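Q: I would like the atomic coordinates for the input below:
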Amino acid sequence: MRLTILGLISSLTFACGPTSSGDVDSGGNNNGTVDSGPSNMWPDARVNFTDAGPAEACGKMDIVFVIDNSGSMGQEQDNLATNFPLFINVLDNFDNELDYRVGVTTTGKDYNYTMTLPGIGSIPASTSGGDNGELLQRCDMTRRWVEPGDPNVADTFACAAQVGTSGPADEMPLASLKLALDDRIADGTNAGFLRDDALLAIVILTDEDDCSYEQSVSLGFTESLCSSQMEPVSSYSDFLTNLTGDAGRWAVATIAGPTDCSSEFGNAAEATRLKDFTNIAGANGVFSSICDGDLAAALQTALETFDTACNDFPPID
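A: Numbering: from 1, shown residues only. Presented below is the predicted three-dimensional model:
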């Protein structure tokens, strides 16, 4: 895939400002504008490469988009929908005919916990309305993901990626990802999506930090949900490595706040936990700023990262 993806992307001029990759412990605020139509930064995906290079290390990719569906994410979802057909066009025009699957879930997870209040004691609390890792089947999709050969793949998934803004305000993208690839596989909801010989590629899009819990906790009077006792992010990277059998068989592209930042999308909080999670992936992880004002560059960087991971894909015994 390297020559095909990077060949497609190499002539781009990035107008939205740089994205950060590798060590993302610091970041900037790149304000930009939201394009009303497809970004002209994408290459012509119809170009035909005659020198495709050697056979690729992997020919399959299972891609999961985890999209924030809280109340502040409408413009970001619109911009994702604008750029997604071009993202798919690049996948569709690899010389080696990449066998991909693309599904989408949201950052919403139902969660029960307790709060301890002075003079009252422990009272139950919860978040509700989450998709809990379910890959969404919307927009006339025939299954819970799209793949080559489906009618109108790009437009269908661009529609499906607009997941709305009525989800829980406490975003749990890592927990939702785990649910999608564990519980929802086990109960049959997402059955058939994952393939042992495919690179698992993850795109996380959110304007908040991760707030994932696994075990129910009791929060003290001075504590609040998303401020303490969250699950260590390393438990999610460990889960993905155990699931795929090798740390080199999964990759992640996170689009979130490198710092507290703002753009015409609105405000984003620094995603410290998501930066830590992305850094654990090493060369297979890239962090881009949601405050760039256009997601085109971030999606292109995601493709470059997935390309590298696919070329270095550890062989299946």
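Q: When you work out contacts or count neighbours from here on, use the C-alpha atoms and nothing else.
A: Noted.
Q: Double-check that Val252 belongs to a strand.
A: Yes: assessed with DSSP: H, G, I helix; E, B strand; the rest coil, Val252 lies in a strand.
Q: Double-check it against Ser288; I have them as touching.
A: No: Val252 is beyond contact range of Ser288, at 11.0 Å (criterion: Cα atoms under 8 Å).
Q: three-state assignment of Gly103?
A: strand.
Q: from here on, count from 45
A: Okay, using 45 as the starting number, the last item reads as Gly147.
Q: residue contacts, the residue nearest to it when sequence neighbours are not counted?
A: If the residues on either side of it in the chain are set aside, Gly147 comes closest to Trp189, at 4.4 Å by Cα to Cα, 6 or more residues apart in numbering. Contacts of Trp189 were listed using Cα atoms under 8 Å, 6 or more residues apart in numbering, and they are 145-148, 179-181, 237.
Q: Kindly indicate which of these lies nearest Tyr157.
A: Nearest to Tyr157 out of these is Leu179 (Cα to Cα; 25.1 Å).
Q: Tell me how far Cys354 lies from Asp254.
A: Distance from Cys354 to Asp254, counting by Cα to Cα, to the nearest Å: 26 Å.
Q: what's the closest of the contacts of Trp189 to Asn311?
A: Closest to Asn311, out of all of the contacts of Trp189 and judged by Cα to Cα, is Val148, at 23.4 Å.
Q: That closest one contacts Arg182, correct?
A: No: with contact defined as Cα under 8 Å, Val148 does not reach Arg182; the gap is 9.9 Å.
Q: Which neighbours do the two have in common?
A: By Cα under 8 Å, 6+ apart, Val148 and Arg182 have these common neighbours: Ala204.
Q: can you give me the strands in the stretch 245-361 of the chain?
A: According to DSSP state E, counting those that start in this stretch, the stretch 245-361 of the chain carries its strands in the segments 262-263, 294-300, 305-307, 310-312, 329-333.
Q: Please state the offset of stretch 347-356 from the chain centre?
A: Here the centre of stretch 347-356 is set off from its chain's centre by 15 Å, with Cα atoms, centre = their mean, to the nearest Å.
Q: What's the mean pLDDT across it?
A: Mean pLDDT, computed over stretch 347-356, is 92.
Q: Dump the C-alpha coordinates for that stretch into CSV.
A: Only the C-alpha atoms of stretch 347-356 are listed here, as CSV (Å, rounded to 0.1, in the frame of the first residue of the first chain):
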residue,chain,number,x,y,z
LEU,A,347,-4.3,7.0,5.7
GLU,A,348,-0.5,7.5,5.8
THR,A,349,-0.3,6.0,9.2
PHE,A,350,-2.5,3.0,8.3
ASP,A,351,-0.4,2.6,5.1
THR,A,352,2.8,2.3,7.2
ALA,A,353,1.2,-0.1,9.6
CYS,A,354,-0.1,-2.2,6.7
ASN,A,355,3.4,-2.4,5.2
ASP,A,356,4.8,-3.5,8.5
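Q: ok so, going back, now, which of the contacts of Trp189 sits nearest Arg228?
A: Distances from Arg228 to these, taken by Cα to Cα, are shortest for Leu179, at 8.4 Å.
Q: Compare neighbour counts for Val148 and Arg182 and give me the winner.
A: More crowded of Val148 and Arg182, by other Cα atoms under 10 Å: Val148, with 27 against 18.
Q: Give me the distance between the more buried one and Asp351.
A: From Val148 to Asp351 the distance is 20 Å (Cα to Cα).
Q: re the thing from before, mind putting the contacts of Trp189 into a markdown table with pLDDT and distance to Thr250?
A: Shown next, in a markdown table, are these (pLDDT from 0 to 100; distance: Cα to Cα, whole Å):
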| residue | pLDDT | distance to Thr250 |
| --- | --- | --- |
| Arg145 | 96 | 22 |
| Val146 | 96 | 18 |
| Gly147 | 97 | 17 |
| Val148 | 97 | 13 |
| Leu179 | 98 | 17 |
| Leu180 | 97 | 17 |
| Gln181 | 96 | 21 |
| Phe237 | 98 | 23 |
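Q: This completes my enquiry, with thanks.
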